[in-house]
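Participant: got a predicted model here, sequence first, then my questions.
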Amino acid sequence: MKAAAYWITGTLLCGVLGICIATTHGVVPLAAHGADGQQAAAAAEEYLGDGTEAESIDTVAKIERTDAEWRAVLTPEQYRILREKGTERAGTGALLHNKEEGVYRCAGCDLPLFLSDGRFDSGCGWPSFFVPLEGAHITETRDTSHDMVRTEITCSRCGGHLGHVFTDGPEPTGLRYCVNSLSIEFEKGAQKPKRPDGETAQR
């Protein structure tokens, strides 16, 4: 009887947690999609497919600042999200409904992260992209905070928290990079930015 009671309680608890997660983030997977945290980057590189090998994250020059230096260059809300892994309230981001063509850069270090043609309307309340500009510009890490298992995405140059990536996005990658507006800045214009090695990024 005790075993049955535990099973029923556990089932009900999982159901409640599942509803809460779905309500908060839209469609959310029960587990992070990448065991090594880099499957999304691989899918992005396959989509970008310029005939070259994927760029190593090690080639992105790292930026390191002290806590005081970050506080001096970021607004309090940017600091909370980029450096303390916070989240802006759904539906409130300044870039949520941006439809202009251009480049989305890291608000902490200016590294180009996404292009407007890699964006889609996911309805989740945060800017969403199905592919990054360069897979190497995004670092993925297993995130088990808030009693969930997700894949966190951070800027490969400065380590700033961007959001999370999920496997419920559109084709051809099937990915949804869910990004805080305060983590990125928009540069209007359809020009393709330069890669860290000086070459023009390919699409």
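Facilitator: Great, that's in hand.
Participant: what's the burial count for Leu111?
Facilitator: 21 (other Cβ atoms under 10 Å). Bear in mind the C-beta positions are built from the backbone N, C-alpha and C, glycine included.
Participant: does the nearest residue to it once chain neighbours are set aside belong to a helix or a strand, and which?
Facilitator: Ranked by Cβ to Cβ, 6 or more residues apart in numbering and with sequence neighbours excluded, the top spatial neighbour of Leu111 is Arg157, at 4.4 Å. Under DSSP states H and E, no helix or strand contains Arg157.
Participant: isn't Arg157 right next to His137, touching?
Facilitator: Yes. Between Arg157 and His137 there is a contact at 7.4 Å, judged by Cβ atoms under 8 Å.
Participant: so what's in contact with these two at the same time?
Facilitator: The contact sets of Arg157 and His137 overlap at 60, 111 (Cβ atoms under 8 Å, 6 or more residues apart in numbering).
Participant: which of the two has more neighbours?
Facilitator: His137 (25 against 21).
Participant: which SSE is immediately downstream of the helix or strand where Tyr79 lies?
Facilitator: Secondary-structure assignment from DSSP H and E places Tyr79 in helix 76-82. Next along the chain after helix 76-82, taking DSSP H and E as the criterion, comes strand 102-106.
Participant: what strands flank that following strand, and is each parallel or antiparallel?
Facilitator: strand 112-115 (antiparallel), strand 184-188 (antiparallel) (DSSP bridges).
Participant: give me the contacts around it.
Facilitator: Contacts for strand 102-106 (Cβ under 8 Å, 6+ apart): 95, 111-116, 119, 127, 129, 133, 155, 157-158, 160, 162, 179, 183-191, 193.
Participant: which of the residues you listed are buried? Put it as a ChimeraX command.
Facilitator: Selection of buried members from the contacts of strand 102-106 for ChimeraX, criterion 16 or more other Cβ atoms under 10 Å:
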select :95,111,112,113,114,115,116,119,127,129,133,155,157,158,160,162,179,183,184,185,186,193
